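Here you go, sequence then predicted model.
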Number of protein chains: 2
Amino acid sequence: MKEEFLKEAYKEAVKAYEKGEVPIGAVVVKDGKVIGRGYNQRIEKKNALYHAEIVAIEDACRNIGHWRLDDCEIYITLEPCVMCAGAIMQSRIKKVIFGAKDEKGGAVISKYTLFSDSKLPFKVEFEYVEDKKCSEILKKFFKEKRAK
Amino acid sequence: MKEEFLKEAYKEAVKAYEKGEVPIGAVVVKDGKVIGRGYNQRIEKKNALYHAEIVAIEDACRNIGHWRLDDCEIYITLEPCVMCAGAIMQSRIKKVIFGAKDEKGGAVISKYTLFSDSKLPFKVEFEYVEDKKCSEILKKFFKEKRAK
């Protein structure tokens, strides 16, 4: 199940890659069904906030017609940043599963451990399920970018 | 100058209050001019991410047509949460000025001190300019809500 949804998140990352955006994707899942999808669209939308997670959360809120994403999980190709970790807490998502660590900016197990040492009333479970494809597409993207 | 822009942020908070939303407002300022405005619209937009700061940042990005808000300041009636502090970093805003502390969820001087102890490469200056009106409208809102 986890692998299947991480694959869905990866498909979103591929969409970002094809548009020249940093390839990160996310899906929001409820009762075993994808209810929101998103890929990084920072350049396309001319908006610093359009990380994959934000787009997927907004899509899920639109689809269920409510701001609370109770009992939902979010599958992300990369460990979320501070903003996205905060957005996950705000939207009451129950669990985060991610396929690659972000040593430079990750807010779950890398730079910060916001869900483990939360001083806030939001409880978010998390799991790092390593998926090489998730990190490899990022490496490929940055290697090609440097070559240009 | 600071007081003037904090007043503009307060005007946004009043708009939220009038719509029955938690009354928080924000404005983004560049070269002494307001380039983005926002008030909390979580219920109206059915979206957990529509905090005043997010709305104001998105408005500013739309108005200048770029995701980077270099050399911009954001004036907020309340200390930002983790998500909004992260969004401020992501959008490269230079300085944050806020009129009230958020002891329960503030990420600048209260629950977290993300800008002071940043492990990230983003430098964000901040200033707490106490403005009683900013906290009073929140107290009034919650008092009325409890009375209902």
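Arrived safely.

Quick one: name the residues of chain A near chain B.
Counting by C-beta under 8 Å from any C-beta of the partner chain, chain A comes close to chain B at A:42-43, A:45-51, A:54, A:57-58, A:61-62, A:65-69, A:81-87, A:89-92, A:105, A:107, A:111-112, A:114, A:119-120. In short, each C-beta sits where N, CA and C put it, glycine included.

Which among these count as buried?
A:42, A:45, A:47-51, A:54, A:57-58, A:61, A:67, A:69, A:81-87, A:89-92, A:105, A:107, A:111-112, A:114, A:120 (16 or more other C-beta atoms under 10 Å in any protein chain shown).

Out of these, which sit inside helices?
Among those, the members falling in helices (DSSP state H) are A:54, A:57, A:58, A:61, A:82, A:83, A:84, A:85, A:86, A:87, A:89, A:90.

Would you mind measuring from the first one to residue A:147?
In other words, residue A:54. 29 Å (C-beta to C-beta, to the nearest Å).

Residue A:126 in helix, strand or coil?
strand (DSSP: H, G, I helix; E, B strand; the rest coil).

nope, residue A:102 is what I meant
coil.

From chain B, how far off is it?
11 Å (C-beta to the nearest C-beta, to the nearest Å).

cool, residue A:15 as well?
For residue A:15 relative to chain B (C-beta to the nearest C-beta), the value is 18 Å.

The closest residue to residue A:81 other than its chain neighbours: what's it in contact with?
Nearest residue to residue A:81, sequence neighbours excluded (C-beta to C-beta, 6 or more residues apart in numbering or on different chains): residue A:105, at 4.9 Å. Remark: with contacts taken as C-beta atoms under 8 Å, 6 or more residues apart in numbering or on different chains, residue A:105 is in contact with A:81, A:82, A:111, B:120.

what's the pLDDT at the last one?
Per-residue pLDDT puts residue B:120 at 84.

I'd guessed it sits against residue A:82; true?
Yes: Residue B:120 lies in contact with residue A:82 (C-beta atoms under 8 Å); the separation is 7.2 Å.

Now do the shared contacts for these two.
A:105, B:89.

Tell me which of the contacts of residue A:105 has the lowest pLDDT.
For these, the pLDDT minimum is residue B:120, 84.

For that one, give me its contacts.
A:82, A:105, A:111, B:89.

Would you convert those into JSON lines that also reports distance to residue A:11?
Putting these into JSON lines (distance: C-beta to C-beta, whole Å) gives the following:
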{"residue": "A:82", "distance to residue A:11": "26"}
{"residue": "A:105", "distance to residue A:11": "23"}
{"residue": "A:111", "distance to residue A:11": "27"}
{"residue": "B:89", "distance to residue A:11": "28"}
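
Report the two of those separated the most.
Within the contacts of residue B:120, two members stand farthest from each other by C-beta to C-beta: A:111 and B:89, at 11.7 Å.

Tell me which residue is most central in chain A.
In chain A, the centroid-proximal residue (C-alpha atoms, centre = their mean) is residue A:76; its distance is 3.4 Å.

There's contact between it and residue A:26 in this structure, I believe.
Yes: with contacts counted by C-beta under 8 Å, residue A:76 reaches residue A:26, the gap being 4.4 Å.

which residues are in contact with both of the two?
A:9, A:52, A:53.

before we move on, the earlier item: which one among the contacts of residue A:105 gets closest to residue A:128?
For the contacts of residue A:105, the nearest to residue A:128 is residue A:111 (14.3 Å; C-beta to C-beta).

returning to what we had before: name only those of the shared contacts of residue A:76 and residue A:26 that count as buried.
The buried subset of the shared contacts of residue A:76 and residue A:26 - by 16+ other C-beta under 10 Å - is A:9, A:52, A:53.

Closest one of the residues you listed to chain B?
residue A:53 (9.9 Å; C-beta to the nearest C-beta).

Contacts only, for the closest one.
A:26, A:38, A:74, A:76, A:80, A:84, A:87, A:88.

Helix, strand or coil: sort out the first one for me.
Per three-state DSSP, the secondary structure class of residue A:26 is strand.

pLDDT value on it, please?
At residue A:26, pLDDT is 98.
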